[in-house]
Every structure is written in structure tokens, then in C-alpha cells.
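1. Okay, sequence plus prediction incoming.
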Amino acid sequence: MDETSEPTSDPGIAAISRRVAIGGIGAAAVGYAILGPRPARSTGDGRIRLDYWEKWTGHEAAAMQAVVDLFNQSQDRIFVNYLTMGGVDQKAKLAIAAGDPPDVLGLWNRNLPFFDQCGAIQPLDDLRSHGIDASSYAKAVRPLVFRRGSQLAAPSTPSSILLYYNKRILRECGWDPEKPPRTTTEFDEMIAATTRFKDNGDVQRAGFLPSDPGWWSWCWGGFWGGTLYDERTGQAMVDSPQNIAAYDWFQSFPRRWGLERLRAFQGAPVDNPTPFSNFFTGRLASTIQGPWLPMFMETEIGKDVFEYGATFFPVAPGLEDEPPYGPIETDILVIPKGARNPEASLEFIAFTQRQENMEMLCDGHAKPSPLASSSESFRANHKNNAVVAHEELLQSPNAYTTPWISSWDEFGMALGSGLDTIWNLRSDSARRPLEEVQAEVEAILQRAGARRERRGQRDPWLDLVEGA
Amino acid sequence: MRHDSTSTGLLWIGPWLLGFSIFTVLPVMLAVWYGFTDYTLLEPPIPVGTDNYTRMLDDPILGTVLWNTALFGVLSIVLGTVVSISLAVLLSNPVRFQSFWRAAVFAPSVLPLVALAVIFKLGYDPEVGIANTMIEGALGWAGVRGPNWFGSGFWAMTALLLISLWGVGPAVVIYLAGLRDVPKQLHEAASIDGVGRWGRFVHVVLPMISPVILFNVIIGIINAAQVFAVPVLLTGEGPERSTYFHSMYVYDNAFTFGDMGYASALGVLQFAIILLLTGAVLLAGRKLVYYRGA
């Protein structure tokens, strides 16, 4: 017995207790490390288990769940475990970096350039063996998922953005609702005709507001024929004359009605406030929105109680006779680098791309189909009576999306800050803020270029639409 | 005997040491290393020397976030110190339901920050929020209308500063303990000398609780330098980046922009700033703080 055990009345028990306790903690730690929980690689009945991470909730998640269920029932080799979550792109980055990615990943098309440049996704070219290639998709959708002649992602549900308007208000204001404005000049006339003020000068009803809902603040230059980034040269074009004209128009709203009055208008209480409330309650005569609008209309105010029309968003005079202009986006499916079962993942993705399954999914989201053509029944039974216009924009050479650059998030944030300056009337015109954004974005692109050079990667403008 | 006690003690804290090494020391060391690399998270890091640090010199957004963080830090610490000392003084007086009032002051600080942000988002609603309802209830007769809290940089920052007062509970508890330690004899002696209440507070109480103030200021600096959750949930960057703080910029670079190298360098900068400020405050404390018995 040594001295260390003497202080206790029963030294043997105390010494053993310590050893047992410490040993127990150590054994527990080792046991947890060796025998602790592991992600299941297969189901109890021996099927390959695929983990599919997706970003949707509510009815959108349910629509994909129906497709997943159909796939799981259609064969007995693969089981898709469908998990929906917020912040899926950031979680995916961490999972891929940690070497434990999901088998299938649902992202947005704007994420694709970064994941592609980092080599974090596997090409889906083997979809060709399932009869899927570039010609399977709507023309404007192809460059969103194809690069270097290779299919990098499969579109799941796309969106194209139109101008929605309240036919009753237009009619009341002497505007033929069957002849919506085609140019921004006509649109300004329609806005003036449909806007109403209270006695104290506050806006009672706005003909249109570019900040409601404010989801596509990057898109305005496109309606003037401009672009934020020239993909053929890799140059930022933020302060181009078209963009300056577009954002001068954007700024004309707080300028013509007063910034504080617009803030009060947009902050005014409405029943069941949602991004669509101002339009549904008739406080907005028209709004820029996606194809899902009528579905929310049905949910929030009932079916067939709102007489809406939809058209391509008006363009700068001179562009109105060209194919339609407008922003498009798409949700995408990818197979991350390090996925355990790429063949099985590809099989599931191929299943989602079949016309009947794709239409079931897109119908559940109230979106158009990304495929080259859709069935008559899909169009006839669609929740949106303007789905044909949405599909037409997906075929247009003038449809546009966020630039194909890995640093779009940073670019978009810089643009957002500049647009705050413009909207808050902190400048006489859009020129100076856009010039400042241009300088900031040039620095961002320069850093991105240095990174590519350091890593021996191709410049993205060399990848343009090859094979698409 | 001493040797055996040490080894037994080390064994007992072994699990904690292991966790601390793996989850704190190692990440800190990796962050320092990543600060000298180009690291996208999805590709292996490539050493770039001091590029990330020289980039800071020419980064206008860094200037903005440092200014915002400093402004928020100074104002929230001053405001928080004044409010928490005032509350502590009030709560140290014998009042009915004293325990209830003390619990009421402390309770809000246990509310999760996410819940706090949601509550205040509703509270600051320009038309139906309680903030503007109170302002217009009190000053509506003079034609005063509540502001659009998140519509301008000034009001967005003001909103965040007011929210920071929500969490003064722990500081109040510490000040209460400090106030209890102020010897009664000093109060009595000052009273006999004809010193009034305010005089006693300024010349007796404040010097006696100055070590506690120093402690709370240091904690305040550390917290303010890392302000993150509430602005992220409530204001985001704010109009024209007016509520874009250093921790938000670190997070965005790491997980949104895919630039973990620069984010790590920014994290090291944040650590250095906190260290320097803490050192400066401790140094100033040598002259300004009174330690009884020292």
C-alpha cells in the first residue's frame, strides 16, 4: 500500500474506484467510437440505401416525396431515404469536405458553378444510357446544367418569371386586360393609370413595385437587354448603359412616390401577411412573380375568386418584338463527389427525369416542366393558366439567369448593397452606385481568376454551352 | 505523494483535456494555418503566404464590418453598463417581491437567441409592432410616427442596440454581488461627512465595484466583438451593410463564399483585436480600478 492511498479510510476501495471510473470512461469512449451509430448503407431487406438531401418543405417536399415513393415501389434494389433540410448547400459543402456526402443532393442552379469548379460533383453523362441528353430539355434550361459538353446536373423544377396583373383593376382603370403592356413605356402608363393615392398623398394602391416581393433584384437590367456579366469575356457589366437605365427605372419608384410613403405602404398591416398579400388584396395592380403564384392564390384566397392575367415582363422599347426576355432558375439534382453509390443515384435521377414523373413533380410545385416539351394533359390540368407562357420563356434565347461564376454569392451581395443605395435615394441616379458595385465585383472576379490560376483550372468562359 | 495526486488529477480531467484539445486547440491551430492558405473547403488548401492578410488592407467591406462592430460594441457596452448598474442598484434596495424582480431581470437572458430574434422581429414591425405602438401611444399627439426600424441603417443599428439590453441579466447579478460587498461603514462614514446619495454612489459605490465593472466590460467586449445570431436573423446585412458585423463576414466567407482561407485570417484578426482590447482595458484598469486590500 503506498502513501497515496492512505488518506482514505478504505484505501483499496478508493483506489479501485478511481481506476474503475477512469477505465469506465475510457472504455465507454472507445466503445462509442468502435460500436457507435453509423449511417446505414443498406436497408433491412438488403436494398441499397441512398440518402437524398433536399431543401424543400411543405407541399414542395411532399411533391418530391411522391416521386421518391414511386421510385421505391418501382423496383426492389434501391431505397431512397429522402431528407429535407434548410441551408442544404452549406451543409452539403461540409459533408463533402468531411468525406461523407449524401448520395443525391438537391441544390439551386446558382450553386452549380462553385461545386463544379471545385470538382465536388460527378458528371451525369451516363444519363445518356437512359435516353437523356441536352435535347431532352427546354432550350434555356440546357446551359443551366450543361458545361463543356457534359451534363453536370439534372433539373428538377424550373421557374420562369412573368408579370402577373389583376384584370379587374386594369379594366376599372380603362386598360384592356387582354392587351397588357409590352414595353416599359407602356408599363409606366399602366402603372400611372392604376395607382391610387389617399387624401394625404400616401399610396393606397400601387400599379407595380419592383421591391414587392423583391426576390429578383438582380434581374432588371435584362429587360433593357443588359447583363451583369459577359460570359464570353469573363467581364463584369454591372455599370453598362442598359443596367444604368434599368436601375434608374428601379429608382424612379421611390422618387415618384416618396421613399417614406413606399415604406409605409409596404409595411402596412394586411390580413395573413405573405409575400403575395399586396397583390391578392388588390393593393398592387401587378407584380413580378413565378409560376407558383396561382397555387398560393388558391390556398390563401380560394379558387377562381381572383381574375389574374400573366404576360412576359415588359421590355425597353425596341425589344418588344424579339423572343421574350425574363429571368429563369431551376432546382437541380447532383451526385456529390464521394457519393457511395453513384450508379444507383444515377438510376434514381434518371427516374425523376421521365416525363410522367417530372410532370408529377412540377405539377406539385405548380411550375413548368424543364423538359423539351410537356404533355397536353400537364398543360391542361396545370394550376397556373399561364403555364404555356412560363414554358415559352424556358425556350427563349433571351431568357437569362444568374451569371455562371463560382463567386455569384459574393457578387450578388455586392449588388444588393448597391441597390440599397439606389432604392434609398442616396444617389442622384443609379450610375454611381453601379460603378461602385462594378469596382467591387471586378476585385471579386480578379480573386476568382487568381484562384483558378493557382489551381490550374479553366476559365469558365471557355466552357460556354458546349454540347448544349 | 504529490506526484501521484497530480497524475490522478490529470487522469480525472483527461476526458475534458482530450475534448478541449480536439474541439478547441486543434481547430484554433488549423484556423491559423488555413489563414495562410487558399482553401475552398471542397478542395485541398494551397499555401499563399500572407496573401489573406495583405488582402485585408484593401478590403472595403472589412472596414465597414469593423466600424459597425466597433460602433455596436462601444454603444452596447456603455448602454449595457449604465442599465445593468442602474438595475442592480434598484434591485439591491429592499422592495416587496425582491426575489421576483431579480428573477424577472435575469429570466430574459435564458431565452434562446433565435426566439429572441423572432419576438423582436414582430416587436419592431413598423405598423403593428409593440415598439411603434408605444412610441405613437406616447408621442402620437405631437405627430410623431414610429420609424421603419429595419428600413434604414440608423434605425436598424438602434434596434439591435436596444435588443442587446435584453441580455443584461447576468451582468446585473454580478453587479448585485458587487454591491453587497461594499462595506456599510463606508456609506455611514460618507453620510456623517454630509455626502448625499449621488455623491455616495459616485465616490463610494462606483470605486468599490470598479473590479466588477472591469470584468463586465471585458465580457462585453468579447461578446460585442462576436455579435452574430441576432443580426443574422433580424436584419441580415441591413440597408447598405449597416448591420453587417465582423462575425457575419467571417461566416459568409467561410460557408457562403467558399473562402475558408480568408475567413480563417479574419478569425485570427478578430482574436487579435479581442486580445489587444482586453489587454488595453486591463492596463487601463490598473489605474482606474480600485482593488480593496491590494
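-> Sure thing, it's come through. Residues are numbered from 1 along each chain as shown, chains lettered A, B, ... in the order given.
2. for the closest residue in space to B:Y124 that isn't next to it in sequence, helix, strand, or coil?
-> Distances taken as CB to CB, 6 or more residues apart in numbering or on different chains put B:W149 closest to B:Y124, at 4.0 Å, once the chain neighbours are dropped. Just so you know, the C-beta spots here come from the backbone N, C-alpha and C atoms, and that holds for glycine as well. Using DSSP: H, G, I helix; E, B strand; the rest coil, the structure places B:W149 in coil.
3. Now do the contacts for B:W149.
-> Contacts here follow CB atoms under 8 Å, 6 or more residues apart in numbering or on different chains; on that basis B:W149 touches B:Y124, B:P126, B:G129, B:A131, B:N132, B:W155, B:A156, B:T158, B:A159.
4. Now, of the residues you listed, which are buried?
-> B:Y124, B:P126, B:G129, B:A131, B:N132, B:W155, B:A156, B:A159 (16 or more other CB atoms under 10 Å in any protein chain shown).
5. Residue 179: how many residues sit nearby?
-> Chain wasn't specified; assuming chain A. Using other CB atoms under 10 Å in any protein chain shown, the number of residues around A:K179 comes to 10.
6. My question was about chain B, not that one.
-> For B:L179, using other CB under 10 Å, the count is 18.
7. related to what we said a few turns ago, could you single out the nearest of the buried ones among the contacts of B:W149 to A:G226?
-> Set against A:G226, the nearest of the buried ones among the contacts of B:W149 by CB to CB is B:A156 (30.6 Å).
8. Quick check: chain neighbours aside, which residue is closest to B:L176?
-> Using CB to CB, 6+ apart, the nearest residue to B:L176 is B:A88, at 4.9 Å.
9. Double-check that neighbour against B:R180; I have them as touching.
-> No: contact between B:A88 and B:R180 fails when scored by CB atoms under 8 Å: they sit 10.0 Å apart.
10. out of the two, which sits in the busier spot?
-> Neighbour count, other CB under 10 Å: between B:A88 and B:R180, B:A88 has more, with 24 against 10.
11. Against which helices or strands is the strand or helix carrying that one packed?
-> Secondary structure from DSSP states H and E places B:A88 in helix B:60-92. Counting contacts by 3 or more CB pairs under 8 Å, 6 or more residues apart in numbering or on different chains; DSSP states H and E, helix B:60-92 packs against helix B:98-106, helix B:153-164, helix B:169-180, helix B:210-225, helix B:246-251.
12. Which among those helices is found nearest to A:I244?
-> Nearest to A:I244, of all the helices and strands packed on helix B:60-92, is helix B:153-164, at 24.2 Å by CB to CB.
13. then the closest one to PDB, C-alphas only?
-> What follows is helix B:153-164, C-alpha atoms only, in PDB (Å, rounded to 0.1, in the frame of the first residue of the first chain):
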ATOM      1  CA  GLY B 153     -29.100  51.800 -41.200                       C
ATOM      2  CA  PHE B 154     -29.500  54.200 -38.300                       C
ATOM      3  CA  TRP B 155     -32.700  52.600 -37.000                       C
ATOM      4  CA  ALA B 156     -31.600  49.000 -37.700                       C
ATOM      5  CA  MET B 157     -28.500  49.600 -35.600                       C
ATOM      6  CA  THR B 158     -30.600  51.300 -32.900                       C
ATOM      7  CA  ALA B 159     -32.900  48.300 -32.900                       C
ATOM      8  CA  LEU B 160     -30.000  45.900 -32.300                       C
ATOM      9  CA  LEU B 161     -28.600  48.100 -29.500                       C
ATOM     10  CA  LEU B 162     -31.900  48.100 -27.700                       C
ATOM     11  CA  ILE B 163     -32.100  44.300 -28.100                       C
ATOM     12  CA  SER B 164     -28.700  44.000 -26.600                       C
END
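14. could you give the angle of that helix to helix B:60-92?
-> Interaxial angle, helix B:153-164 versus helix B:60-92 (axes from the mean of the first three to the mean of the last three CA atoms, to 10 degrees): 40 degrees.
15. part of a strand, is A:R232?
-> No: using three-state DSSP, the secondary structure at A:R232 is coil, not a strand.
16. Enumerate every residue touching the residue nearest to it when sequence neighbours are not counted.
-> Excluding its sequence neighbours, the residue lying closest to A:R232 (CB to CB, 6+ apart) is A:W461, at 5.7 Å. By CB under 8 Å, 6+ apart, the residues touching A:W461 are A:E231, A:R232, A:T233, A:G234.
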